[in-house]
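**Q** Generate coordinates for the sequence data below:
(one chain, ligands or ions: 2)
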Amino acid sequence: MIGGVRRFHESEGRRDWYMREKGRKVLYFSNFNLFKVAAADWRDTLVCEMAPSPPEPQELPESCRDIVIEFSERVHNLGMALLELLSEALGLKPSHLKDMHCGEGLVLLCHYYPPCPDPERAMGCSTHNDGNFLTILLQDQLGGLQFRHEDQWVNVPSQKGALLVNLGDLMQLISNDKFKSVSHRVLAKATGPRISVASFFRTSFGIEQASKLYRPIEELVSEEHPPLYQETTVPGYLASYYAKVWEENRLDTDSPLASFRL
Ligand SMILES: O=C(O)CCC(=O)C(=O)O
Ligand SMILES: [Fe+2]
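**A** Numbering: from 1, shown residues only. Ligands and ions are numbered 1, 2, ... in the order given. Next comes the predicted model:
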């Protein structure tokens, strides 16, 4: 998969996929918030929306078509298995998170971080929390990913073939803080390119799912553990997420989740 993503990003044909507007299942661009924030990240991204309704094969770039289709099927199965385990870890029946549609939508963010001539003055990926339920991350050997732990940045070792599982803000909200979404970033490097694939699990954006309300799961709430967050729809949450990125450009101070806290 790493090879396929590299092939795409280094192909002449990649420019045919460049598009900043939403409305297509496959998009190639540099920084979703370019032109909105003061500093761009040193990164390009191919976005493939693979579930619930995958693109037709010809809608995917030929340079990585077969591997993207195969990878997304496998990572989707893994995501479903993880949602079952996470449900059980919360003391719920295995299908609980799946039944809440937490894994219905799958978006692959196929990142390419070119070598940066001035890495001290740039970021590969600015500090953020993922605004989804679950992320499965595949990265190459280059390293640079860091998580914030007790106000310190901790390097995430890059191990060949390893997948990293990261929980997003929406998982923190519905688990009523039993699971925590974690703040992370990627440093820019003089060496490269660095390649990673973040598989984002969220609801689909169909009309039915868009209006579904998410709140702390009833079974996890009691008099002792009152709900910590107000209810929201996924698009409602994301609107607040993007407002923070675009208007305030200060994701690194507070996750947008803070504004949903009761
Ligand atoms: O490239 C990476 O390792 C992380 C990317 C990431 O955090 C994201 O896409 O949300
Ligand atoms: Fe992330």
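
**Q** Report how many residues lie close to the nearest residue to D16 once chain neighbours are set aside.
**A** Excluding its sequence neighbours, the residue lying closest to D16 (Cβ to Cβ, 6 or more residues apart in numbering) is P61, at 8.0 Å. Any C-beta I mention is one placed from the backbone N, CA and C, and that applies to glycine too. P61 has 22 neighbours, counted by other Cβ atoms under 10 Å.

**Q** can I assume P61 is in contact with W17?
**A** Yes: between P61 and W17 there is a contact under Cβ atoms under 8 Å: 5.8 Å.

**Q** Now for those two: what residues contact both?
**A** Taking Cβ atoms under 8 Å, 6 or more residues apart in numbering as the contact criterion, the residues that touch both P61 and W17 are V26, Y28, L46.

**Q** mind listing what the helix or strand the last one falls within pairs with, with the direction of each?
**A** Applying DSSP states H and E as the criterion places L46 in strand 44-51. Looking at strand 44-51 with DSSP bridges, its paired strands and their directions are strand 26-29 (antiparallel), strand 105-113 (antiparallel).

**Q** picking that back up, now render the shared contacts of P61 and W17 as a markdown table, adding distance to ligand 1, neighbour count and pLDDT.
**A** What follows is the shared contacts of P61 and W17, written out as a markdown table (distance: Cβ to the nearest ligand atom, whole Å; neighbours: other Cβ atoms under 10 Å; pLDDT from 0 to 100):
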| residue | distance to ligand 1 | neighbour count | pLDDT |
| --- | --- | --- | --- |
| V26 | 16 | 17 | 95 |
| Y28 | 15 | 21 | 95 |
| L46 | 12 | 26 | 97 |
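
**Q** so, if you compare the residues you listed, which one comes nearest to M1?
**A** L46 (11.7 Å; Cβ to Cβ).

**Q** how far away is that closest one from R65?
**A** 12 Å (Cβ to Cβ, to the nearest Å).

**Q** measure the residue nearest to D16 to A81 for me?
**A** When distances are taken as Cβ to Cβ, P61 and A81 turn out to be 28 Å apart.

**Q** Give me the helix or strand of the protein that scores worst on average pLDDT.
**A** When the helices and strands of the chain are compared on mean pLDDT, DSSP states H and E, helix 207-210 comes out lowest with a mean of 75.

**Q** which ones are touching the nearest residue to R148 once chain neighbours are set aside?
**A** Excluding its sequence neighbours, the residue lying closest to R148 (Cβ to Cβ, 6+ apart) is S183, at 4.2 Å. The contact partners of S183, taken as Cβ under 8 Å, 6+ apart, are T127, H128, N129, F147, R148, D252, S255.

**Q** Phi and psi next, for the fourth one.
**A** The phi and psi torsions at F147 (degrees, to the nearest 10) take the values phi -110, psi 150.
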